[in-house]
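# Quick one: sequence and predicted model below, then my questions.
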Amino acid sequence: MRAHPAPLRPRRVSECRPVRIDRSRLGLSLLMVLGGLALFVAMAIVAMWPTGDSGLRSPGGGSAQLESATVTSVEPGRCRAAVAVGEGAGQDPEAARCRRVGIELTSGPDSGLSAGFDLGPGFSISPGDDIRVTATDLPPDAVVGGVPADRYSFADFQRNSSLLWLALAFVALVVITGRWRGARALLGLGASLAIVVMFVAPAILEGTSPPAVALVGALAIMLVAIPVTHGLGPKSVAALLGTTAALLLTIGLAQFATDLAHITGFGSEEASFLNAIGGDTLSIQGLLIAGIVIGALGVLDDLTISQASTVMALRHANPELSARALFSRGMSVGHDHIAAVVNTLVLAYAGAALPVLLVFSLADTGLGDAINSEVVAAEIVATLVGSIGLIAAAPITTGLAALLAVRTDPELLHDDGHGHHH
């Protein structure tokens, strides 16, 4: 009897061939635009790359040397400084109330030494806590007001180990749930943080225009993070170009809105500190605009990728849909997406301004006066400008994705950018 050959397992096209973006001039043209953008960003980064010496220094001559210590005891009592100057509970009981904290140094030249310091109310501290302390640079036998001076003072809590465990839990959860795609997302996140830390912040400190640095940095983050996470198929091309258009609109609107509303950027202590050490080198208003651009980028990536992915999924599910139909159905999803991400952006900025809102509430400041203040008005401008950029990104990205989708083989759009291509 003649044996029948075993049936061949059908192979998914997306597993065997690379995604072809277009069979006409459109895909090639968009790729050329994307390539030109990448070349421009690379040249701009080279031109703006920080030299490593901004010439700016903290007024105190640099950060204090911090040492690690472990809390060995916490005893309630009166502040020794208050006792030394004759101030007691009769004048202000709260001012004289302290806790005597005993510590053991675990780093630095005095490692293993036992010491102590006074700590006022407001901190929850217990024996066994790991903290950071700073030396007072007083001799061991120094006396202030008839009371032996403390050689160390409290600086902060030691958080490195807690943050490390939290980060490891985050990485594990992303990899377990997202698998290879999640690992790629982590690579994109690492690249994004590296661009901000190694390029954006140092270049701004050296006096380069903050909006220009932020725009170039945001484009660089986009050009690295999206392809690394999602591959370089029709979906990513549409998302990259849609995000670029939205970023250009956002930075233009941010410049216009801050000038129109006379937002100076001096709404925080950090801005005043940077102005004190930077003088004419740093543009505080430019820093505000840069923050708006960088802050909007994260939400823009989410919206543009989701819109492009929706269009590609529709095309794969129904190859008969035209570009107009893909755009219409994609925007029906986009309307919900816009509402969701705008709400996210508003709540993010409202959360950042919450302490200020509480201060205004305690001072019984009217709503109109609160909104007119620099610190609240800056958050409102950032929210509105970022939201306008998000709203514009949806139709732009959806339209580009629809034009690319109808020119791409529907079978190649399955799991676009994520499959193993051979």
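Looks like it arrived, so ask away.

# Downstream of the host helix or strand of residue 336, the next helix or strand is which one?
Counting by DSSP states H and E, the element that carries residue 336 is helix 323-352. Proceeding N to C from helix 323-352, the next assigned helix or strand is helix 354-362, under DSSP H and E.

# just checking, what packs against that following helix?
helix 367-372, helix 374-405 (3 or more CB pairs under 8 Å, 6 or more residues apart in numbering; DSSP states H and E). Every residue, glycine included, has its C-beta placed from N, CA and C.

# Quick one: low-confidence residue ranges for the stretch 251-400 of the chain.
267-269, 278-280 (pLDDT under 70).

# circling back: mean neighbour count and distance to residue 216 for the helices and strands packed on helix 354-362 - can I get that in a markdown table?
Output for these, formatted as a markdown table (neighbours: other CB atoms under 10 Å; distance: least, CB to CB, whole Å):
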| stretch | mean neighbour count | distance to residue 216 |
| --- | --- | --- |
| helix 367-372 | 12 | 33 |
| helix 374-405 | 22 | 17 |
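
# hang on, the earlier thing: mind listing what's buried in the helix holding residue 336?
By 16 or more other CB atoms under 10 Å, the buried positions in helix 323-352 come out as 323, 326-327, 329-331, 333-334, 337-338, 341-342, 345-346, 348-349.

# Now distance to residue 312 too, for the helices and strands packed on helix 354-362, in CSV please.
Shown next, in CSV, are the helices and strands packed on helix 354-362 (distance: least, CB to CB, whole Å):
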stretch, distance to residue 312
helix 367-372, 42
helix 374-405, 6
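
# now for those, which one comes closest to residue 74?
Distance to residue 74, taken as CB to CB, is lowest for helix 374-405 among these, at 36.3 Å.

# Check which helices and strands that closest one is in contact with.
helix 25-48, helix 234-260, helix 284-317, helix 323-352, helix 354-362, helix 367-372.

# Which one of those lies nearest to residue 76?
helix 354-362 (28.9 Å).

# Confirm for me that residue 319 is in contact with residue 408.
No - the criterion here is CB atoms under 8 Å, and residue 319 misses it with residue 408 at 10.1 Å.

# what about the two, which has more around it?
residue 408 (22 against 13; other CB atoms under 10 Å).

# That one contacts residue 237, doesn't it?
No - Residue 408 lies out of contact with residue 237 (CB under 8 Å); the separation is 10.3 Å.

# Only the buried residues of stretch 154-169, if you could.
Quick answer for stretch 154-169 (16+ other CB under 10 Å): 154-155, 158.

# Stretch 306-324 now?
306-316, 321, 323.

# Between helix 284-317 and the helix holding residue 336, find me the angle.
If you take axes from the mean of the first three to the mean of the last three CA atoms, to 10 degrees, helix 323-352 sits at 140 degrees to helix 284-317.

# Could you check how far helix 323-352 is from the centre of its chain?
20 Å (CA atoms, centre = their mean, to the nearest Å).

# just stretch 371-390 next, same as before
18 Å.

# Give me the buried stretch members for stretch 180-199, please.
Buried, per 16+ other CB under 10 Å, within stretch 180-199: 181-182, 184-186, 188-189, 191-192, 195-196, 199.

# Tell me which entries of those lie within strands.
Assignment to strands by DSSP state E places none of the buried residues of stretch 180-199 there.

# Can you tell me which of the residues you listed is nearest residue 65?
residue 196 (26.6 Å).
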